[in-house]
Each structure stands twice: as structure tokens, then as C-alpha cells.
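> model this:
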Amino acid sequence: MFCTICATRNPVAAHQCRICGTGLPALLPGTGRGQRAGKRRHLALTLLYGVPIVLLLAASLSYYRATWRDSATWYAEAEAAIATGDYAGAIDLFATAGDFRDAASRHASLAAEMAVHQASYDAAATALDDGRYDDAIALIAPTVRSWPSDAAAEVLAQARQMRIDVLRRTVDAAARQGEWLQAERALDAQVAADPGDSAAREELATLRREHAPIVFTRDHALYLVSPDGMDERLVTDRVPVAWPSWSPDRTRIAFASPETNGQNGLYLIDADGANLVRIAGDLRDYSGPVWSPDGTRIAFATGGGGTERMGQSEPDPDGLAVVDVATRRLLKLIPNAFSPAWSPSGDRLAYVRRAPESFTFDSAPIDGRPAPTGDVLILTLATNRTKNITDRRILHPWRVAWSPVDERMLVYTRDPGSSYDRDRTRLTLLNAATGAMSEVSTFRDRITMPVWSPDGARIAYVAGEETLVVRELEGRSERIDLDVVLSRYVSWGPSGDTLIAAAEGSIRSSYIIALEGDAVTATPFSLDYDTDRRASGAPQWSPSHLIFAAPRPSIAGTGLDRDDRSPPAAGIGSLPRDATTVAAQSRFDRDPVE
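Down below sits the predicted model:
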């Protein structure tokens, strides 16, 4: 112990200084025996206060770990509930998971989305109760697609069944009254709503074979008739009619009409004879209107008549025009163009560009061969760009026919100076996308322009005078010899397994040809039609691009398909009005060539 008076170091346990006798302070805790006693007191205090704190911390950590494990479980269960379509359960589980990960935001977004779908479900259920099945389908189908649930699927299934029941009653009522177009449209919709109904599909094919009406003219009046020659009906005789052509959905008919000013007007009329309207003028003789696949536009040959739409006193040069059916606005003029053919999607238009008729074999040869007299070009309507896809590789192109389903084209050639058809003809298969081409053997026959079947699987044409040829381009071929001189007018039926081969004159029998597997049946068909080539009324059974109902996928026993959604306003490949509409002008547009 250190003396603070004389600075003498004394023993630790001394009570006074051994030199000066001054008293020394008592021992402090933590030193010597006092230190050990202090340590014992400190340990007691630590045990008294520290252990409960440690135990509390341990309990808290254990609780936190248990809570974290429960939140992770609830979060995982919420995701599993979404996978099974239990969205209400998922919302509750995300709420229970609290602030684990993004549970709070997932809960909020799911709750908001479910509120929207719940409103659609309630509205669809109300529409179903009111018998408004189309409204119910439109309301509930998006919910079934994005939020599938048993309840929503049940409402959709009920609405679809109601639609099918109503369509079925419509089919039966229309058939009893002989309204075959109405019956066919309703049955086609029934098949689209239930693609698995094989009986309805076969019924539709039979109806098309036996009752789909054929359009033609007699004495320049427009008629419809069934394939069995029954149910003939006058559509209109208010104006002279030539070159009638079905719209793709067969609700309307376009035709040319000779007029007093020397022009041919382009007219439209509903299949029941209503809504006769003139939409254009200056159609060239010997050719008729060509519908786009979506039925919104018509291409036609121009020239050779008056030019009211161009404000000229002189005839326009030969060319092609495209007109909008709804607005009657001229969309495109193409000079020196013949034989319009639409692509399957309607975004492009193929045509033939020919040299003048005076161009003959006497022209100077190229590399020792006769000089070509034309080419096949394709106009892309949206961009106004034109591409030559033959580039003088086909000798004398005359007409072109584009497959209704793919990029294949048939190019029909005619030697200069020959007659209108079936003289020194050739047939070339051309790929519109690649430009590849190959000759199609025609057994050295003189043939008419081939016609594609509605499904693009076969072509048909007349060979010689009395033979109808039906062939696959790379497969089997049927040569059907008939006892009558046939015209160049061959038309497929909507079912794709029947044709009409029209006789050259109306006093002879035409034929309905049925193709059933390996069997071919030719049935005489009496049809008195206008045979004048300049203003023909040749029969047409099916349009070039027939609108079929495509099979749809099925969800929960229902046919969820594109019919549940609004169709595009102008169809695939429609023309942008602000970019391609052509105002009245005195000359053709110049079309840039790639």
C-alpha cells in the first residue's frame, strides 16, 4: 500500500505507514481478498440479470426463425395456388406471408387483377342468365385464358353450348325453307364452335356438295341455282350482268355491267338481291372482278372504254385497278398490267406485264431463242413496291393464278398470235417467295387456264375439247372424258371435292363432277347461261379464296377460338388509307420497281 505522506511502500494488508505511522485507506473491492469478493458479487449480478436477457434473445431468435420459415412456406403455397388456378387462396396466402420477399406487392397486384376478372365473370353470368350467349362468351373468354378456373370455364362452356343450340335451330329452320346459304353459314359456325363434332362437319360438307348455290347469268340477268338444278332464283335484272363473282364469304356478288356510254361498271349486290350499288367504272371487256381474300377490296382490269373516273376523253391504257369495297375509293392503278391474282393473305397482288400484241415470233431472238413477251410481277400494297419475279425467264406469260393457301403460282402462257386459249399453251409452277420455277407437264395437251381447289391441294383444267383434268401438281391425276365440248370455265365447289365443268354452249349439258377417293362421278347438269366471251355469265360455284372455319383449340371442353374476339377491321394486309388512296388524276401512278 503506498503512503501518500512520506511516499513509503507498505505491505498490502498494512493499516498504517511503517515509517511515519500515517493511517492507510481500507482495501477497495477487486484487490486482494476484496477483489475476489467483488468478483463473486459481480458474477452473482451477471447471473441475476444477464441470463434472462440471453434467454430472451434466444427465444426471440427462435421465434423469428419459426416466423421466417412459416412466411416462406406461405409464400410457396401462394405460388402453388396460382399454378392450380386458386387465385383467391393465393391472395390470402400472400397476405399471411406479410413482408416476406415481394409478398406485399404480389398480394396487391393479384387482388387488383382479380377484381377486374371478377367483374367480367359477374357480367358474363348475368348475360348467360339473360340468354345473351355471345356477350357471355366475349366477356368470359379472356378470363378463362388468363385466369383459368372451374367456375369461369363452366360459364364459358354453358355459353358455347347455348350458341351451338341456337345455331342448330337456325340450320334446321333455314334448311326447311331452302335458304341454303344461311344454313351453311350457321352450320359452319357450329363446326367452328365445336371442332370435335364430326357429324356436323360431315353435314357441312354434304350441304356444300348438294346445296351451295352456283351464281351465273342468263340473258344478262343474275341467278342462283343449286347443284341439282333446283331452287333457281333470280337475284337481279335491274341492270345487265356479266362476269359474276362470289365474295369470299359468299354474302355478296360482284359483277360487270355494260353501260350506255360504252363502259362496264363494277357493281355489288347481296346474295338475296338487296343493296345493289355501283362502286367503279371502266372495267375492260373479257374479264371480271377479283375479290381480295378478306373481301375488303376488288381488283379489276381497266381500259378500252370511257374514263369517267379519270376525267379524260381518251381511253386509258390497259391496266389494273384496286378499289375499296366499303368506301368505293380507288386505291391503286397499275399501268400495262393484266390478270390480277391476290396472295393468300391479301397483302400482295400478282399480275402479268405483256408486250404489245404486235410482238410476234418475228422479233429478234435472244441467244438464238424467241424473245420473251412479258413477265410476272408482284406489288406489295403496303409499301407500293413492285418486284419482277420472272425477269424474262418465262417465254410468253398470259395469265397467273395464285394458290389460295401458299406461295405457289401457276403461270399460263400463250404464244403470240394464237387464239384466246387452248393453242400452244404451257404451264409453269412459280414460287412467289423465291422465284423458283418448274414446268408442269400437260401431256402435250392444249389446255385452258387451271383453277386451284379451295384447299390448294389440286388444280383442274380442260384439255383438248372434251377432257377435264384434275391433278395434284406432284401426285396423281384424273382425266375425265366427257361427251360434250367444254368451255374454259371450270369452278370448284366449296366442299373442295366437287367441280362444275360448263359446256361450251348452253344447249349442251354441263357436268357436276364428284371426287370421292378413287371414284369419280360425272352427273349431267342442265345450265342455260350467257356464253358470250366478251360479257360472259359463266357459272361460279366457289370464290378463289373461300373463307373456311379453321379448327380451334379446346379449353375445359370448350372451343376457345378467334371467334371469341373481334375480327380485324380490314383483314390481313389491308391497305393503309392515308398512304395508298389515290385521288382522281389524269395519269397512272408510277410504280417503283425493285
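> thought residue 228 was touching residue 210?
Yes: when contacts are counted by C-beta atoms under 8 Å, residue 228 is listed as touching residue 210 (6.6 Å). Glycine gets a C-beta too; all of them are placed from N, C-alpha and C.
> if you count what's nearby, which of the two comes out ahead?
The residue with more neighbours, out of residue 228 and residue 210, is residue 210; 16 against 11, by other C-beta atoms under 10 Å.
> what are the phi and psi angles of that one?
For residue 210, the backbone dihedrals are phi -100, psi -20 (criterion: degrees, to the nearest 10).
> So for it, what's the nearest residue that isn't a sequence neighbour?
Nearest residue to residue 210 in three dimensions, chain neighbours excluded: residue 227, at 6.1 Å (C-beta to C-beta, 6 or more residues apart in numbering).
> Might you report the residue contacts of the one you found?
Residues in contact with residue 227, defined by C-beta atoms under 8 Å, 6 or more residues apart in numbering, are 209-212, 214, 493, 498, 500, 512, 525, 541.
> for residue 259, same thing?
265, 281 are the contacts of residue 259 under C-beta under 8 Å, 6+ apart.
> circling back: among the contacts of residue 227, which ones are in strands?
214, 498, 500, 512, 525 (DSSP state E).
> Tell me how many other residues crowd the fourth one.
One way to gauge burial is a neighbour count; for residue 512, by other C-beta under 10 Å, it gives 22.
> From residue 490, how far off is it?
Residue 512 sits at a distance of 12 Å from residue 490 (criterion: C-beta to C-beta, to the nearest Å).
> which residues do those two both contact?
With C-beta under 8 Å, 6+ apart, residue 512 and residue 490 have common neighbours 499-500.
> May I see the contacts of residue 227 organised as CSV, with pLDDT added?
Compiled in CSV, those are given as follows (pLDDT from 0 to 100):
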residue, pLDDT
209, 88
210, 88
211, 89
212, 90
214, 94
493, 93
498, 93
500, 95
512, 94
525, 88
541, 94
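> Just the buried residues of those residues.
209-212, 214, 493, 498, 500, 512, 525, 541 (16 or more other C-beta atoms under 10 Å).
> Closest one of the residues you listed to residue 246?
residue 541 (8.3 Å; C-beta to C-beta).
> quick one: pLDDT of residue 300?
You'll see residue 300 listed with a pLDDT of 95.
> What's the first helix or strand after the helix or strand containing it?
Element membership of residue 300 [criterion: DSSP states H and E] is strand 297-302. With elements assigned by DSSP H and E, the helix or strand that comes after strand 297-302 is strand 319-324.
> List the buried residues of the helix or strand just after that next one.
Next in sequence after strand 319-324, counting helices and strands by DSSP H and E, comes strand 330-335. Residues 330-335 are the ones in strand 330-335 that count as buried (16+ other C-beta under 10 Å).
> same thing with stretch 233-252?
235-236, 239-250, 252.
> Of the residues you listed, which belong to strands?
Per DSSP E, these map to strands at 235-236, 242-246, 252.
> just to revisit the earlier point, any idea which of the buried ones among the contacts of residue 227 is closest to residue 17?
So of the buried ones among the contacts of residue 227, ranked by how close each gets to residue 17 (C-beta to C-beta), first place is residue 212, at 135.7 Å.
> from the ones in strands among the buried residues of stretch 233-252, which single one is nearest residue 111?
Residue 111 lies nearest to residue 252 out of these, by C-beta to C-beta, at 49.7 Å.
> thought that closest one was touching residue 274?
No: counting by C-beta under 8 Å, residue 252 does not reach residue 274; the two are 9.8 Å apart.
> ranges for the strands of the stretch 451-594 of the chain?
451-452, 459-463, 467-471, 477-481, 486-492, 498-503, 510-516, 519-525 (DSSP state E, counting those that start in this stretch).
> Turn those into CSV, including distance to residue 129.
Output for the strands of the stretch 451-594 of the chain, formatted as CSV (distance: least, C-beta to C-beta, whole Å):
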stretch, distance to residue 129
strand 451-452, 47
strand 459-463, 52
strand 467-471, 53
strand 477-481, 55
strand 486-492, 45
strand 498-503, 44
strand 510-516, 47
strand 519-525, 51
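> Relative to residue 407, which of the ones you listed is closest?
strand 451-452 (12.8 Å).
> Mind listing the strands that closest one pairs with, and their directions?
As defined by DSSP bridges, the strand partners of strand 451-452 come to strand 459-463 (antiparallel).
> picking that back up, and the residue nearest to residue 210, how close does it get to residue 485?
22 Å.
> Ok, residue 400 next?
Residue 400 is 26 Å from residue 485, where distance means C-beta to C-beta.
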